[in-house]
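> Provided below for reference: sequence and predicted model.
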Amino acid sequence: MKETARKSVLAVGPFHPLQEEMEFFQLTVDGETVTDIDVRISYNHRGIEKLSETLQFDQVPFLVSRICGICSASHPLAYVQAVEEIAQVKVPERALYVRTIINELERIHSHLLWVGLAGHFIGYDTVFMWAWKYREPVLDLLEEITGNRNNYGNVRIGGCREDVPDDVRPRILAELDTIEKKTEMLTKAVLDDPVLHARLKGVGVLQKDAAVDFAVTGPTARGSGVPIDVRHDDPYAAYADLDWKVISQTEGDVFAKAVVRLLETFESIKMVREALQKLPSGPVAAEVKEIPPGEGCGHAEAPRGETFHYVRSDGGNRPIRHKVRAPSYVNVPSFKASCIGQHIADVTLTLAAVDPCYSCTERVAVLDSHDSVIHDYASLLQLSRAKTAQLRKEIGTPVMKLEDI
Amino acid sequence: MNQQTLDKRLEETADRLIGIERTQENRVYLLCESENVYDVCRFLFDTLNLRFVITTGVDAEHCFEVLHHFADDECGCMVTVKAFVRDRENPELDSITPLIPGAEWIEREIHDILGIAFTHHPNLQRLILNDDWPEGVYPLRKEVQP
C-alpha cells in the first residue's frame, strides 16, 4: 500500500526551483480525518557537518549561517559559544550586547514572517501584507548594522565582527516604536477576531506530555505549557542582564502558538531597546589564537526554538566533529501527535504552526483509501481558506482591509 | 532542581558509569559502556525529568562514540551520556526511541551515516541517505573523504 502511495507522489516530485526546503509529508486519511502521517526529509541534504570538518574554526560561522537564511544569527552564535567553551574565551561585554541585539532583531522579523504566513494559509491575506510590510524595516536595520539583510556574518569566535554604529541607534529606536505600534494593532486584530478564534482554537493541539516526549523546543513547546527558553534557562550573550519574561500558553493549539509568537515580539522589542541603552563601551572582540583539544556544547534560542551545536577539537585548526541540531528537527516529528485526528482543512495550518520553513507544507499530498493523490498543496490551501470563509459568513464579521490601519 | 541537587542525583547512577567528566560547572559528561546506555538514559529522562536534546555520533579513533545530550532547563545544565561502541566491525547500541519518541529520527540518521545499528528501534529505515545509496558506505566515517 505504501509503495503505491510513494509512486503517486513521486510524480509531484520533492524538488522545485522555487522552494528552498525539501520535506515530504504523506497523510493517510479516512474521509476528511487524518489517520496517519509519514514524513520524509533529506531531499536536499548538504552535508554541513562533514563540510565543517574541512574548514578552519573561524571559517565555520560563515558555513553554518547558511544553514537557514532566517536563523542566520542563531546558528553561528551557538557554534561560537561551543568553541568559546572549549577555548575558555572571555567575550567582551559589548560583544555580548551586540549579539543580543542582532539575535532579537532576527526574532522580530522571523515572528512577523510567521504571522504573515499563518494569515496567508487561512485566507487572511491582509494580515500577510501587514506583517511582511512591518518586517521589512527590521531587515533594513540588520543591513545597516551588519551589512547584510540575512546571513549577517557578524559573529566570530571571541566576539563580533561589526559594532552597532552610534549613528544608527536613533534610527533603530524610532523603527522599534513603529514596529511596536503596528504589532500591537496586529495582535489586537488577532486576539479580538471571532473568526480567528473559531478557526485557530482547538486546532492541531500538541498536549504537554507529547511535547516532552517529542522533545520539542521554542514556541512549539511554550505554546503547550512547557516554558523552556535557552535565553532564560542557560543565559548567554547579555540576556541575564535584561528585564524580560518567558511567554508561555497552556492550550497547545495553533492559537496558543500564535499568541506566544506575537507576545514574544514585544519582549524582543523591549530587549533591543534596553540593550541599546545599556550598551557598554569597549572592544567588540577578543583575540583568540588557538583552540585546545576538548569538546563543547553551545546552544542558543533561535526564533523556532533551541539551536544546538556540539564541537570537538583535537588541538588542530579544524573541528574533528561538529554536530548541528536545528529546532525543526525535533519540532517536525511532533506532527505525529498534533495532526492525527485533524480535519484535512486544518492540516496545512497545523504543519505551519511549528514554523518550519513554509515550503515544507507545499509538499503535502493527501491519499484516500484507494491510494490515489486526491489533494495537492493548492487544493489543501483552498480547503483551509474555504473553511475560514465559511466561519466568517457564519459569524458575520467584516473583512479586514488595508485601509483600516 | 539546582546544580548541586542535580550533581548529587547523578551520583545515583554512578555504578553504571565508567567516569564522570566536567568541562565547566554546567557541562557534565557521563561516560559509560554500550550495555548501560539505555538504563542511564532512562534514569535521566524518567527519573530526573531531563529534556532530551539530540544525539551526536562520533567516529573516534578506535571506537564509535554515541553522545546523548540531555538538558536540565531549571539550572541550564547540559548532561551528556557518552557511550563507547567498541566493536567497529558490527557496531550496535540499544535504541532509546522506545523510551523517548523524539530520538527516532536521530538514531535513524546515525544508522545511515555512521552505520551503528540501534537494537529495538521501532523503525530503523533510511532517513538521510537516498534509496539508491550503496549499502555499507557510511559518509560520516573518517575514511570517507568529502
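That came through, no problem. Please read these numbers as outputs of a predicted model, since none were measured by experiment.

> against the centre of chain B, work out the most remote residue.
In chain B, the residue that sits farthest from the middle, by Cα atoms, centre = their mean, is B:Asp132; the gap is 27.6 Å.

> any idea how chain A splits into domains?
Domain ranges of chain A: A:2-44+A:336-397, A:48-194+A:278-328, per automatic domain parsing.

> buried deepest among these, which one?
domain A:48-194+A:278-328 (a mean of 20; mean count of other Cβ atoms under 10 Å in any protein chain shown). Bear in mind the C-beta positions are built from the backbone N, C-alpha and C, glycine included.

> and that one, is it in reach of chain B?
Yes. On the criterion Cβ under 8 Å from any Cβ of the partner chain, domain A:48-194+A:278-328 is in touch with chain B at A:49-51, A:53-54, A:85-86, A:294-297, A:299, A:306, A:308, A:310, A:312, A:321, A:323, A:325.

> looking at those, which are in helices?
Among the residues of domain A:48-194+A:278-328 next to chain B, the residues falling in helices (DSSP state H) are A:49-51, A:85-86.

> let me know the closest of those residues to chain B.
Comparing those against chain B with Cβ to the nearest Cβ places A:Lys50 closest, at 5.2 Å.

> contacts for the helix or strand A:Lys336 falls within?
When elements are defined using DSSP states H and E, A:Lys336 is found to belong to helix A:335-338. Contact with helix A:335-338 is made by A:25, A:37, A:39, A:204-207, A:210, A:213-214, A:252, A:350-351, A:353-354, B:101, as judged by Cβ atoms under 8 Å, 6 or more residues apart in numbering or on different chains.

> with respect to pLDDT, which of those residues ranks lowest?
Among the contacts of helix A:335-338, A:Val354 carries the lowest pLDDT, at 69.

> wait, what's in contact with residue 84?
Picked chain A for this. A:91, A:157-158, A:288, A:296, A:298.

> please go with chain B instead
B:31-34, B:63-65.

> immediately after the helix or strand where A:Val195 lies, which helix or strand?
For A:Val195, the host element (DSSP H and E) is helix A:194-200. Remark: after helix A:194-200, the chain's next helix or strand is helix A:208-213, criterion DSSP H and E.

> using CSV, list the CA coordinates for that following helix.
Extracted as CSV, the C-alpha positions of helix A:208-213 are listed here (Å, rounded to 0.1, in the frame of the first residue of the first chain):
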residue,chain,number,x,y,z
LYS,A,208,2.1,18.8,27.2
ASP,A,209,3.2,15.2,27.6
ALA,A,210,3.6,14.7,23.8
ALA,A,211,5.6,17.9,23.8
VAL,A,212,8.0,16.4,26.3
ASP,A,213,8.2,13.0,24.6
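
> which residues touch it?
A:220-221, A:224-226, A:250, A:252, A:334, A:337-338, B:51, B:100-102.

> let's see that with 7 Å instead.
A:221, A:224-226, A:252, A:334, A:337, B:100-102 (Cβ atoms under 7 Å, 6 or more residues apart in numbering or on different chains).

> now that helix, how far from the centre of its chain.
Mean-position distance between helix A:208-213 and its chain equals 20 Å (Cα atoms, centre = their mean, to the nearest Å).

> buried set for that helix?
Buried positions in helix A:208-213, judged by neighbour count with 16 or more other Cβ atoms under 10 Å in any protein chain shown: A:210-213.

> what's the closest of the contacts of B:Phe84 to chain A?
The closest of the contacts of B:Phe84 to chain A turns out to be B:Glu65 (Cβ to the nearest Cβ; 8.9 Å).

> that's a strand at the closest one, yeah?
Yes. B:Glu65: assigned to a strand according to DSSP: H, G, I helix; E, B strand; the rest coil.

> packing partners of the helix holding A:Val195?
helix A:254-278, helix A:377-395 (3 or more Cβ pairs under 7 Å, 6 or more residues apart in numbering or on different chains; DSSP states H and E).

> beta partners of the closest residue to A:Val91 other than its chain neighbours?
Nearest residue to A:Val91 in three dimensions, chain neighbours excluded: A:Gly159, at 5.5 Å (Cβ to Cβ, 6 or more residues apart in numbering or on different chains). Note on A:Gly159: beta-bridge partners by DSSP bridges are A:Arg156, A:Ala285.

> show the contacting residues for A:Gly159.
So, once contact is read as Cβ under 7 Å, 6+ apart, A:Gly159 ends up touching A:91-92, A:95, A:284-286.

> state the distance from the most centrally placed residue in chain A to chain B.
The residue lying closest to the centre of chain A (Cα atoms, centre = their mean) is A:Arg304, at 3.1 Å. According to Cβ to the nearest Cβ, to the nearest Å, A:Arg304 and chain B sit 15 Å apart.

> how far away is that residue from B:Val66?
Going from A:Arg304 to B:Val66 by Cβ to Cβ, to the nearest Å gives 26 Å.

> phi, psi for the residue of the stretch 1-150 of chain A found nearest chain B please.
Residue nearest to chain B within the stretch 1-150 of chain A (Cβ to the nearest Cβ): A:Ser42, separated by 4.6 Å. Main-chain torsions, A:Ser42, degrees, to the nearest 10: phi 70, psi 30.

> pretty sure it contacts B:Arg126?
No. With contact defined as Cβ atoms under 7 Å, A:Ser42 does not reach B:Arg126; the gap is 8.7 Å.

> joint contacts of those two?
With Cβ under 7 Å, 6+ apart, A:Ser42 and B:Arg126 have no common neighbours.

> all strands for chain B, in order.
Under the criterion DSSP state E, chain B contains strands at B:19-24, B:27-33, B:51-59, B:64-72, B:77-85, B:92-94, B:117-119.

> in TSV, list those strands along with mean pLDDT and distance to B:Thr13.
Shown next, in TSV, are the strands of chain B (pLDDT from 0 to 100; distance: least, Cβ to Cβ, whole Å):
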stretch	mean pLDDT	distance to B:Thr13
strand B:19-24	94	10
strand B:27-33	96	7
strand B:51-59	96	16
strand B:64-72	97	12
strand B:77-85	96	10
strand B:92-94	96	15
strand B:117-119	96	21
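
> distance to A:Lys133 added to those, as JSON lines?
Below are these laid out as JSON lines (distance: least, Cβ to Cβ, whole Å):
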{"stretch": "strand B:19-24", "distance to A:Lys133": "45"}
{"stretch": "strand B:27-33", "distance to A:Lys133": "43"}
{"stretch": "strand B:51-59", "distance to A:Lys133": "37"}
{"stretch": "strand B:64-72", "distance to A:Lys133": "38"}
{"stretch": "strand B:77-85", "distance to A:Lys133": "40"}
{"stretch": "strand B:92-94", "distance to A:Lys133": "51"}
{"stretch": "strand B:117-119", "distance to A:Lys133": "48"}
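
> out of these, which gets nearest to B:Lys142?
strand B:51-59 (4.9 Å; Cβ to Cβ).

> which non-adjacent residue is nearest A:Val230?
Counting by Cβ to Cβ, 6+ apart, the nearest residue to A:Val230 once its immediate chain neighbours are dropped is A:Glu301, at 4.1 Å.

> over to that neighbour. Which of the three states is it?
Assigned with three-state DSSP, A:Glu301 falls in the strand class.

> just name whatever secondary elements the helix ranked longest in chain B is in contact with.
The residue-count maximum for a helix in chain B (DSSP H) belongs to helix B:104-114. In terms of contacts (3+ Cβ pairs under 7 Å, 6+ apart), helix B:104-114 is packed against strand B:51-59, strand B:117-119.

> can we see that at 10 Å?
Using 3 or more Cβ pairs under 10 Å, 6 or more residues apart in numbering or on different chains; DSSP states H and E as the contact test, the elements touching helix B:104-114 are helix A:328-331, strand B:51-59, strand B:64-72, strand B:92-94, strand B:117-119.
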